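Novice: below is the sequence, then the predicted model.
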Amino acid sequence: MKQYYLFSEKIFNQDVNGFENIITVDEIPDGPMGSLVSNETFLIHSFFQNLEGGSENNEKTVCAVYHPFYSKNILMEEDVYWIFNFLNDNRYTIENDLSVMNEYKKNHVIDENKRLLCIFYYG
C-alpha cells in the first residue's frame with residue numbers, strides 16, 4: 001500500500017494578511033480523499049520560508065485539503081479531528097506505530113512551519 005503524509009503547515013494567507021495552519025498532504029491521495037485535495041500556491045512571506053518547496057518568485061505550492069461540504073474552505077489545523085474521522089470512515093488506515101513516524105522524521109527534513117500529523121494508507 002502507498003503511504004501518504006498528513007501535515008499541519010503554516011502558510012501566509014494574503015486574504016487575512018497573516019499566518020494560518022492548514023492541513024496538507026504530500027501528494028494527492030488515491031480514494032475519496034483525492035477529491036478534497038488541490039494544489040494551491042501561497043505567497044512566501046519571509047525569505048526564511050523559501051528553504052523548502054519555494055520558487056524564485058517567492059511562492060510555495062502545497063497539496064491543500066478542502067472541506068467536502070464547504071468546498072472553498074481549506075481545512076485548518078483545528079479541523080484535524082474531522083479529517084481523522086473522514087480517513088477512518090473511507091477505508092483509509094492511519095499508521096499507529098510511532099516508530100514508523102519517527103523513521104519518517106529521521107529521514108526527511110521538515111521545517112518549523114510544517115508538522116507531521118499522521119501517516120495513512122488507502123485500501
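Specialist: Thanks, I have it.
Novice: so for this protein, the centremost residue is which one?
Specialist: Thr24 (1.3 Å; CA atoms, centre = their mean).
Novice: in this structure, which spans are strands?
Specialist: Using DSSP state E, the strands assigned to the chain run over residues 3-13, 18-25, 37-43, 59-65, 92-94, 114-122.
Novice: contacts for the last one, please.
Specialist: What it means is strand 114-122. Applying CB atoms under 8 Å, 6 or more residues apart in numbering, the external contacts of strand 114-122 come out as 1-10, 23-24, 29-31, 33, 52, 80, 84, 87, 91-95, 100-101, 104-105, 110. Glycine gets a C-beta too; all of them are placed from N, C-alpha and C.
Novice: kindly report the same for the second one.
Specialist: Contacts made with strand 18-25 from outside it, assessed by CB under 8 Å, 6+ apart, are listed as 4-13, 33, 37, 45, 62-65, 74-77, 79-80, 83, 114, 117.
Novice: list the beta-bridge partners for the residue nearest to Glu27 when sequence neighbours are not counted.
Specialist: Excluding its sequence neighbours, the residue lying closest to Glu27 (CB to CB, 6 or more residues apart in numbering) is Cys63, at 6.0 Å. Each beta-bridge partner of Cys63 is listed here: Val25, Asn39, as defined by DSSP bridges.
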